[in-house]
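Chemist: Give me a 3D structure for the following:
(2 chains)
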Amino acid sequence: MSDRTVAELSRSLAQGEISSVELTRDYLDRIAQHNSLYNAYITVTEDLALAQAAQADAARAKGDAGPLTGIPIAHKDIFCMKDVLTTCGSKMLANFVAPYDATVVAKLNAAGAVTLGKTNMDEFAMGSSNENSFFGAARNPWDTDRVPGGSSGGSATAVAADLCAIATGTDTGGSIRQPAAFCGLTGFKPSYGRISRWGMIAYASSLDQAGPISKSAEDAALMMNVMAGPDHRDSTSVDMPAPDFTANLNDSLQGLRIGVVRQHLAEGLDANVESALQDAIKVFESLGASIKEIDLPNSHLSVSAYYVIAPAEASANLSRYDGVRFGYRCENPANLEDMYKRSRSEGFGNEVKRRILVGTYALSAGYYDAYYIKAQQIRRLIKQDYIDAFKEVDVIIGPTTPNTAFKIGEKNDDPVTMYLEDIYTVSINLAGLPAISIPAGSSKSADGKSLPIGIQLVGSDFAEAKVLNIAHQFQQHTDWHQQRPEG
Amino acid sequence: MVWETVIGLEVHVQLATKSKLFSGSSITFGAAPNTQANIFDLAMPGTLPVMNEAALRMAVKFGLAIDAQIGRKSVFDRKNYFYPDLPKGYQVSQLDFPTVGKGELEITLEDGSTKVIGITRAHIEEDAGKSLHEDFQGLTGIDLNRAGTPLLEIVSEPELANAKEAVAYLKKLHSIIRYLGISDGNMAQGSMRCDANVSVRKKGATELGMRTEIKNINSFRFVEKAILHEAQRQIDIIEDGGRIVQETRLYDADKDETRSMRSKEVANDYRYFPEPDLLPIVIDEAYIESVRAELPELPNAKRERFVSQYELSEYDAGVIASSRQMADFFEEVVTICKDAKLSSNWVTVDLQAVLNKQDLEIEDSPISAARLGGLIARIKDKTISSKIAKTVFEAMLESEQSADEIIESQGLKQVTDSGAIEKLVDEVIANNPEQVEQYRSGKEKVFAFFIGQAMKASRGKANPEQLNTLLKQKLKA
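Modeler: From the prediction side, this is the model:
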């Protein structure tokens, strides 16, 4: 039963085929058996989960159950959870017990979801492989020698390995979509401002956005119905009520205008990924959609702009980890400066330090105009490119990643190669748009492992329902999302 | 060599909001350490700022009061530096797009003339916490109660020509923020703090000399002394062939000197950039007009009105109008006694002397406006003389009684019965034949003697005008 979608589990719970407590025990057993292999969870909240499951069953008995009531979920360890260890994948916060719930956590609690635990991630959400976790790399259930992607790698691993029904993630430059693509899952990044960032530990504030990692677009829509909406505690959350994201799932795609980005096809895209993309386009055409080539003339600048803006914001966001009030503090500091230097040197991993240095440099006197200001100008150009594109098409299709999941250790020595993992995803964060990655094919690795391929659908501002509708229709006519890893 | 001083002031005013700039914590002064710091103030991971609209309103109010441009789009920036009392590792301030742009302030100089001082800008920012170095066995304690308190930093143009002008500017600023009710302006408690940029140049030179910044001066008197000292220090250095180093200095009130804190040359690079957790604040005309509608009558307008409505002198009107509390007190007194000139004298001289002596603000005056008005009313209707009024005033300080009650109980009512006064005069003339003879032979100075005797006999209660007239008549007879 643990391999089912949320929608299916919800029906089983409603029909009394299984109780939430039974379902939760089932997942907890699987975690106990398999987490040592996958390293998907940093913390398992067994007692909490069983208590929440019992509550959910009681609520259901009283006729008070919603679609997520009693559904076992996992939270990326970037979301603060009251009285629960919240590490953000870092030694810096390895001892940090959050004193409050993130809005996302509070909303899912209120919806009756059962929290199984906190999932592994690249430290402070910086990474594309989950290898930057202080708690060790999570492993891709399709091939445990390979990365699950990152930074929400633990969430993707947990969903793909059936260690939870659905999970939360965050996406700053692709951190939901890329692991979803690598693990054969549906990963949805909503528009910037759609989901509150309160309680979500900041990496790059103007880009960070929460979203679900799930087994289907329908599940993502169910999750969005709980996660989305304005929050007075987050000034950047949009003051606009969230719609019912499931309402349009079954709309016809007849007459849909899909854009294909000319620049994406011209670049060195893996042949298997490209053919999966072409196959997906044929599916959409068969459903009544028309295809149009469009230009995103500044898309080649997006990775460069991203790797200035995100580290710049991160360099300030991570200043609070100073050893003074919470988190890691070095042993026996000699004085204030020594405490700062050693607490941060010892508490942060290399990638985090690298980005703090890059960001600090980009904001420094004499370099600010050349880097930060220039990057912001590029960001506006990219946004404008998308605005222009959406005058011609309803949605844009493209690859999520240049390749399928790579081997653990393969790209460790070369940060720039690792950064290029984000080439198809970062411009969407820079533009603040909603985008989904859905499974659309697979390729065989040299050692005979089947590896999933993801494609990405990008919508205009706050067109989440449209994007979910298109993804759902694709999944109604294909079965890539139903394929499961062996084991 | 004749030197002139050039001064610009940066004044931090703590805004009198109920809660902090970006969190719901209270900002009451003097609470136990860290009892007014919530998860945001502690910079807990995942917390976010939410702008306190009351602080914005106060900043706009100040902007309108100094005729400034109001920034239609103000943007918060992060100013990055590490310090234990700065929990986030950055201070949220406004760099390029402050809420208040260019404005001006008219100050009154000692000779009564006025001068207009340009205000460059005023921006909203959050305060830091406090580091406590005592009682921690060599360690440092951190109190974050003050962290996140809303400040308005008001920056003047370098247009103040001496220490007295700087003090006049500061006092005017103090008066305005108190009028607006946007801060209590209490310098001793740090709700108004002043940094002074001081440089000197040869008289008539057009270029500014190298400046130093004196930080955190916490009284009007110290501002004057610190500037005087610093200007002289700079002149001495230059005259000795030296060079002024741009640096931050601290004023030591005990030693009456400034000393170097840190050199600007090795100063922090603050790496300002726009705060991504807050959207730019867009202010429209309707908002500005709604704030304008709340503006009280300001000191200059009030002074003009006092001159025209009450026929006070410019000086008296200025003194009273400099404090909204004093002006309100004065007007309440006038309403009761109907005599503005007498009210002005009693408020600015007699009452002020008492306040000074007891170190009280007028709102804590031991004699309320109603009681003082009641007293002056009795002078005006000649129930008592001005002299007796002083006695009544002294008695009022000792009790809660009204002037009427004191006059009644102590029998101080002025004698205006002409028969009674005539009797007094007759007695005095009869009892002092020698002086009568002197007066009548032309020694008019003796007249004061008769007044004194008569007053003494009446125990001060005789109406002085009536006494005067009658005495003159009878002596001439």
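Chemist: show me where the stretch 351-487 of chain A has helices.
Modeler: Remark: helices assigned in the stretch 351-487 of chain A by DSSP state H, counting those that start in this stretch are A:374-389, A:415-419, A:426-431, A:464-477.
Chemist: oh sorry, the question was meant for the stretch 1-150 of chain A
Modeler: Using DSSP H, counting those that start in this stretch, the helices of the stretch 1-150 of chain A run over residues A:6-14, A:20-38, A:46-61, A:103-110.
Chemist: tell me the most buried of those helices?
Modeler: Across these, averaging neighbours per residue (mean count of other Cβ atoms under 10 Å in any protein chain shown) puts helix A:103-110 on top, at a mean of 22. C-beta here means a position set from N, CA and C on the backbone, and glycine is covered the same way.
Chemist: just how off-centre is that helix within its chain?
Modeler: Relative to its parent chain, helix A:103-110 has a centroid offset of 17 Å by Cα atoms, centre = their mean, to the nearest Å.
Chemist: Quick one: list the elements packing against it.
Modeler: Using 3 or more Cβ pairs under 8 Å, 6 or more residues apart in numbering or on different chains; DSSP states H and E as the contact test, the elements touching helix A:103-110 are strand A:72-76, strand A:114-119, helix A:217-227.
Chemist: Kindly export the longest one (C-alpha atoms) in PDB.
Modeler: C-alpha atoms of helix A:217-227 as PDB (Å, rounded to 0.1, in the frame of the first residue of the first chain):
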ATOM      1  CA  ALA A 217       0.300  15.800 -10.500                       C
ATOM      2  CA  GLU A 218      -3.000  15.200  -8.800                       C
ATOM      3  CA  ASP A 219      -1.200  14.600  -5.500                       C
ATOM      4  CA  ALA A 220       0.700  17.800  -6.000                       C
ATOM      5  CA  ALA A 221      -2.600  19.600  -6.500                       C
ATOM      6  CA  LEU A 222      -4.000  18.100  -3.200                       C
ATOM      7  CA  MET A 223      -0.800  19.200  -1.400                       C
ATOM      8  CA  MET A 224      -1.000  22.600  -2.900                       C
ATOM      9  CA  ASN A 225      -4.500  23.100  -1.700                       C
ATOM     10  CA  VAL A 226      -3.100  22.900   1.900                       C
ATOM     11  CA  MET A 227       0.300  24.600   1.400                       C
END
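Chemist: residues from chain B in reach of chain A?
Modeler: For chain B, the residues found near chain A under the criterion Cβ under 8 Å from any Cβ of the partner chain are B:39, B:42-51, B:78, B:80, B:82, B:84, B:87-90, B:140, B:142, B:269, B:271-273, B:276-279.
Chemist: just the buried members of the residues you listed?
Modeler: Among these, the ones that count as buried by 16 or more other Cβ atoms under 10 Å in any protein chain shown are B:39, B:42-51, B:78, B:80, B:84, B:87-90, B:142, B:271-273, B:276-278.
Chemist: Show me the residues of chain B next to chain A that map onto strands.
Modeler: B:78, B:80, B:90, B:142, B:273 (DSSP state E).
Chemist: Identify the farthest-apart pair in those residues.
Modeler: The span of these, defined through Cβ to Cβ, is set by B:Ile142 and B:Phe273 at 25.9 Å.
Chemist: Helix or strand for the nearest residue to A:Asp385 once chain neighbours are set aside, just tell me which one.
Modeler: Residue nearest to A:Asp385 in three dimensions, not counting chain neighbours: A:Leu296, with 4.7 Å by Cβ to Cβ, 6 or more residues apart in numbering or on different chains. Following DSSP states H and E, one finds A:Leu296 outside all helices and strands.
Chemist: Run a quick neighbour tally on the spatially closest residue to A:Ile281 that is not a sequence neighbour.
Modeler: For A:Ile281, ignoring the flanking residues on the chain, the nearest one in space by Cβ to Cβ, 6+ apart is A:Ile291 at 5.8 Å. For A:Ile291, the number of neighbouring residues by other Cβ atoms under 10 Å in any protein chain shown comes to 15.
Chemist: Contact partners for A:Ile291?
Modeler: Contact partners of A:Ile291, counting by Cβ atoms under 8 Å, 6 or more residues apart in numbering or on different chains, are A:258-260, A:281, A:284-285.
Chemist: So among those, which ones count as buried?
Modeler: By 16+ other Cβ under 10 Å, the contacts of A:Ile291 give A:258-260, A:281, A:284 as buried.
Chemist: got any ranges where the chain has weak pLDDT?
Modeler: The chain I'm using is chain A. A:266-268, A:487 (pLDDT under 70).
Chemist: Please refer instead to chain B.
Modeler: Residue ranges of chain B with pLDDT under 70: B:262-267, B:477.
Chemist: what's the longest helix in it?
Modeler: Longest helix of chain B, by residue count under DSSP state H: helix B:220-239.
Chemist: for it, the distance to its chain's centre please.
Modeler: The answer for helix B:220-239 is 24 Å, by Cα atoms, centre = their mean.
Chemist: quick check, nearest of the contacts of A:Ile291 to A:Asp145?
Modeler: When the contacts of A:Ile291 are compared against A:Asp145 (criterion: Cβ to Cβ), the nearest one is A:Ile281, at 31.7 Å.
Chemist: Now the closest one. Its backbone dihedrals?
Modeler: Note on A:Ile281: backbone dihedrals following degrees, to the nearest 10 are phi -60, psi -40.
Chemist: Might one say that it is in contact with A:Leu256?
Modeler: No. With contact defined as Cβ atoms under 8 Å, A:Ile281 does not reach A:Leu256; the gap is 11.9 Å.
Chemist: So B:Glu10: helix, strand or coil?
Modeler: strand (DSSP: H, G, I helix; E, B strand; the rest coil).
Chemist: Pairing partners for it in the sheet, please.
Modeler: For B:Glu10, the beta-bridge partners are B:Val155, B:Asp195 (DSSP bridges).
Chemist: What distance do you get for it to B:Gln94?
Modeler: Distance, B:Glu10 to B:Gln94, using Cβ to Cβ, to the nearest Å: 14 Å.
Chemist: Same drill for these two, tell me which one is more crowded.
Modeler: Neighbour count, other Cβ under 10 Å: between B:Glu10 and B:Gln94, B:Gln94 has more, with 25 against 16.
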